[in-house]
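Visitor: Provided below are the primary sequence and the corresponding predicted coordinates.
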Amino acid sequence: MTEKVAVLGAGSWGSILANLLAENGHDVMLWSHKEEQVRQLNEEHVNPRYIKDFTYSTALKATSDMKSAVAGADVVLVVVPTKAIREVGGRLGQLLNELGQKSLIVHATKGLEQQTYKRPSEMLAEEIQAENRSGIVVLSGPSHAEDVARRDLTSVTAACNDVAGAEKVQQLFSNDYFRVYTNDDVIGAEFGAALKNIIAIGAGIINGLGYHDNAKAALITRGLTEIRRLGVAFGANPFTFIGLSGVGDLIVTATSVNSRNWRAGNQLGQGKSLKEVMDDMGMVIEGVYTTKAAYELSRQRNVSMPITEAIYQVLYEGADVKTAINGLMQREVTSEVE
Ligand SMILES: NC(=O)C1=CN([C@@H]2O[C@H](COP(=O)(O)OP(=O)(O)OC[C@H]3O[C@@H](n4cnc5c(N)ncnc54)[C@H](O)[C@@H]3O)[C@@H](O)[C@H]2O)C=CC1
Ligand SMILES: O=C(CO)COP(=O)(O)O
């Protein structure tokens, strides 16, 4: 069945998900706050700042008018960086209210809000009144936009408290190269998504310093332990962390040159400053912000996250990366299972 879908956010991921939905036969309107990007998408079917050498479907339409994108949409997919969720979600909430409309809200954002430590679905629930949303679904998993653009085989999770919402998203997105599973653990899906970016920065650092496979495997495995600990402290199902939105996303992000978080870490490991790395990337590096939120949260909740703490010290306290790694390796030895 053809659905009317609004996609808010036209960066790497929003534009490629919008393209996938258009190719799946849905009536898709992609909203961007940048006029030039809208022009390029509508007239030349390109989005060169984000996904190079890719031609978007001619069925995909873009607009800079959020109201016209959202009006009549059965589904609204929000794909902006975490720091823009309040602003975009707030405008969306107002518009849905003005339009007297109820839509299924989906988001694909991976992070935690600074200071409040809220997950994206919590922010959206606060910004959009209950009568204007039929559910909030998290779309997450190992899915670099670059791979989806070239139709590489991809599997992700649609997580929603209400299985009907997750199943609707499963139907909407699934095709022969993009397979969606459902899950009812929204907390686990969002913690997995946000926290893997911290470990991906760590994996990049290790690569940049010249360490090899053993070091990467150790970091990923012990990183997953930290992710699970914090998620479970907030009520997540521990099994979610061995699924696509947990270890799946951790593997892809912590091992791929497509990952902005991994690339940022790699450049830090090679000796660049955080400022240089962030200025050069031109796209969001969510893990930089999530490291701060997760570090503060782990202290507040008394959850042991030594890798996150070491990365926090490197990013925010100017610690030397090699000293931070030595500190991690020389901590008092402990049991693996706790
Ligand atoms: N790129 C990828 O492969 C994937 C990204 N994600 C997640 O999706 C989210 C978005 O990431 P990307 O698309 O990669 O980021 P990006 O940096 O490529 O693009 C972000 C987009 O959001 C727009 N934006 C920023 N602030 C805005 C605001 N206040 N109002 C309106 N638009 C605003 C930017 O103009 C840009 O178009 C992140 O949380 C990321 O972790 C999730 C899965 C895959
Ligand atoms: O979440 C992602 C892939 O699943 C994208 O990761 P990066 O933001 O590090 O590119």
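Guide: That came through fine. Ligands and ions are numbered 1, 2, ... in the order given.

Visitor: need the strands for this protein, in chain order.
Guide: Along the chain, the stretches classed as strands by DSSP state E are 4-8, 27-31, 61-63, 75-78, 103-107, 133-140, 154-159, 178-183.

Visitor: what are the ranges of the helices in the stretch 1-150 of the chain?
Guide: Secondary structure of the stretch 1-150 of the chain (DSSP state H, counting those that start in this stretch): helices located at 12-23, 35-39, 66-70, 85-99, 120-127, 145-149.

Visitor: Check the chain for the residue nearest ligand 1 and tell me.
Guide: Gly11 (1.7 Å; CB to the nearest ligand atom). Placement of C-beta: from N, CA and C, glycine included.

Visitor: Let me know the pLDDT of Glu338.
Guide: For Glu338, the pLDDT comes out at 72.

Visitor: same check, this time on Lys4
Guide: 98.

Visitor: Check the one 5 residues further on too.
Guide: Confidence at Gly9, expressed as pLDDT, is 98.

Visitor: got it, and Ala293?
Guide: According to the model, Ala293 scores 98 on pLDDT.

Visitor: Would you confirm that it contacts Lys83?
Guide: No - contact criterion CB atoms under 8 Å: Ala293 and Lys83 do not qualify, at 10.9 Å.

Visitor: list residues touching both of the two?
Guide: Taking CB atoms under 8 Å, 6 or more residues apart in numbering as the criterion, Ala293 and Lys83 both touch 111, 114.

Visitor: Neighbour count: those two, which is higher?
Guide: Taking neighbours as other CB atoms under 10 Å, Ala293 and Lys83 compare with Ala293 leading, 21 against 14.

Visitor: contacting residues around the more buried one?
Guide: With CB under 8 Å, 6+ apart, Ala293 has these contacts: 111-115, 117, 194.

Visitor: how about a cut-off of 10 Å?
Guide: 82, 111-118, 194-195, 198 (CB atoms under 10 Å, 6 or more residues apart in numbering).

Visitor: Take the residues you listed and write them to a markdown table, including neighbour count, pLDDT and distance to ligand 2.
Guide: Formatted as a markdown table, these follow (neighbours: other CB atoms under 10 Å; pLDDT from 0 to 100; distance: CB to the nearest ligand atom, whole Å):
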| residue | neighbour count | pLDDT | distance to ligand 2 |
| --- | --- | --- | --- |
| Thr82 | 23 | 98 | 11 |
| Gly111 | 24 | 98 | 10 |
| Leu112 | 27 | 98 | 14 |
| Glu113 | 19 | 98 | 17 |
| Gln114 | 14 | 98 | 17 |
| Gln115 | 9 | 98 | 22 |
| Thr116 | 12 | 98 | 21 |
| Tyr117 | 17 | 98 | 19 |
| Lys118 | 19 | 98 | 19 |
| Ala194 | 28 | 98 | 10 |
| Leu195 | 33 | 98 | 11 |
| Ile198 | 32 | 98 | 11 |
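
Visitor: what about the residue minimising distance to the centre of the chain, distance to Leu30?
Guide: Centroid check for the chain by CA atoms, centre = their mean gives Lys110 as the closest residue, at 2.7 Å. For Lys110, the distance to Leu30 (CB to CB, to the nearest Å) stands at 19 Å.

Visitor: Lys34 and Ala10, how far apart?
Guide: Remark: distance between Lys34 and Ala10 (CB to CB) = 7 Å.

Visitor: quick one, which of those two is more surrounded?
Guide: Ala10 (27 against 14).

Visitor: hang on, that one packs against Glu35?
Guide: No - using CB atoms under 10 Å, Ala10 makes no contact with Glu35, being 11.4 Å away.

Visitor: doesn't Ala69 make contact with Val88?
Guide: No - using CB under 10 Å, Val88 is not in contact with Ala69, being 11.4 Å away.

Visitor: can you list residues touching both of the two?
Guide: Listed as contacting both Val88 and Ala69 by CB under 10 Å, 6+ apart are 8, 31.

Visitor: Phi first, then psi, for Asp184.
Guide: Per-residue torsions, Asp184: phi -100, psi 10 (degrees, to the nearest 10).

Visitor: count of neighbours near it?
Guide: Residues near Asp184, counting by other CB under 10 Å: 15.

Visitor: go on, the one 3 residues further on?
Guide: Taking other CB under 10 Å as the neighbour definition, Ile187 ends up with a count of 20.

Visitor: Tell me which residues touch it, please.
Guide: 119, 121-122, 138, 159, 161, 231-232, 234-237, 240 are the contacts of Ile187 under CB under 10 Å, 6+ apart.

Visitor: Just the buried residues from those residues, in ChimeraX please.
Guide: To isolate the buried ones among the contacts of Ile187 in ChimeraX, judged by 16 or more other CB atoms under 10 Å, type:
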select :119,121,122,138,159,231,232,236,240
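
Visitor: about what we covered before: mind listing the shared neighbours of Lys34 and Ala10?
Guide: Common neighbours of Lys34 and Ala10 (criterion: CB under 10 Å, 6+ apart): 40-41, 49, 62, 64.
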